[in-house]
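Chemist: sharing a sequence plus its predicted fold:
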Amino acid sequence: MDLLERFKKNKIRFLFSKKQSKLGERDIEDFKYEYGNIIFRKYENNHLHDRYIISNNMLLIIGHGLSLRNKETFLILLDDSVAKDLRLSLLQTFDRRWKISKKK
């Protein structure tokens, strides 16, 4: 949530599942009130696992390390010169899931 606060001028669509989310309903409502540019939707299926950010020409993959005890986070930034097909494929999947998700 802290990262999303940095993008106040951008329209952001945020898709999550209840199983993954540690956010309470009140947290989401408070955040939506303060940052109207961010739209949250809940995806009911358990298919969400990977975390990523898609922009117009880049894909940022957000992951965790292999350690079971000390999870380190890593980021991989891929621009369209190396991963355009992957970005477009993930965007299609995201859009399909977005259409059937519930508004929050």
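Modeler: Nice, thanks for sending it over.

Chemist: most centrally placed residue in the chain?
Modeler: residue 14 (5.0 Å; Cα atoms, centre = their mean).

Chemist: show me the contacts for that one.
Modeler: 4, 38-41 (Cβ atoms under 8 Å, 6 or more residues apart in numbering). In short, each C-beta sits where N, CA and C put it, glycine included.

Chemist: give me the subset of those residues that lies in strands.
Modeler: 38-41 (DSSP state E).

Chemist: let's have those residues in JSON lines, adding distance to residue 9 and pLDDT.
Modeler: Listed next are the ones in strands among the contacts of residue 14 as JSON lines, based on distance: Cβ to Cβ, whole Å; pLDDT from 0 to 100:
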{"residue": "38", "distance to residue 9": "11", "pLDDT": "83"}
{"residue": "39", "distance to residue 9": "15", "pLDDT": "85"}
{"residue": "40", "distance to residue 9": "18", "pLDDT": "83"}
{"residue": "41", "distance to residue 9": "21", "pLDDT": "84"}
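
Chemist: any chance of a ChimeraX selection covering the buried ones in these?
Modeler: To isolate in ChimeraX the members of the ones in strands among the contacts of residue 14 that are buried, counting by 16 or more other Cβ atoms under 10 Å, one can use:
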select :38,40,41
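
Chemist: the ones in strands among the contacts of residue 14: which two are farthest apart?
Modeler: Within these, 38 and 41 form the most distant pair, 10.8 Å apart (Cβ to Cβ).

Chemist: distance to residue 24 for the contacts of residue 14 - can I get that in CSV?
Modeler: Formatted as CSV, those follow (distance: Cβ to Cβ, whole Å):
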residue, distance to residue 24
4, 16
38, 16
39, 18
40, 12
41, 16
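
Chemist: which one of those residues is nearest to residue 53?
Modeler: Looking across those and measuring by Cβ to Cβ, the closest to residue 53 is residue 4, at 9.9 Å.

Chemist: for residue 28, give its distance to residue 94.
Modeler: 19 Å (Cβ to Cβ, to the nearest Å).

Chemist: surely the residue nearest to the centre of the chain is within a strand?
Modeler: Yes. Per DSSP: H, G, I helix; E, B strand; the rest coil, residue 14 lies within a strand segment.
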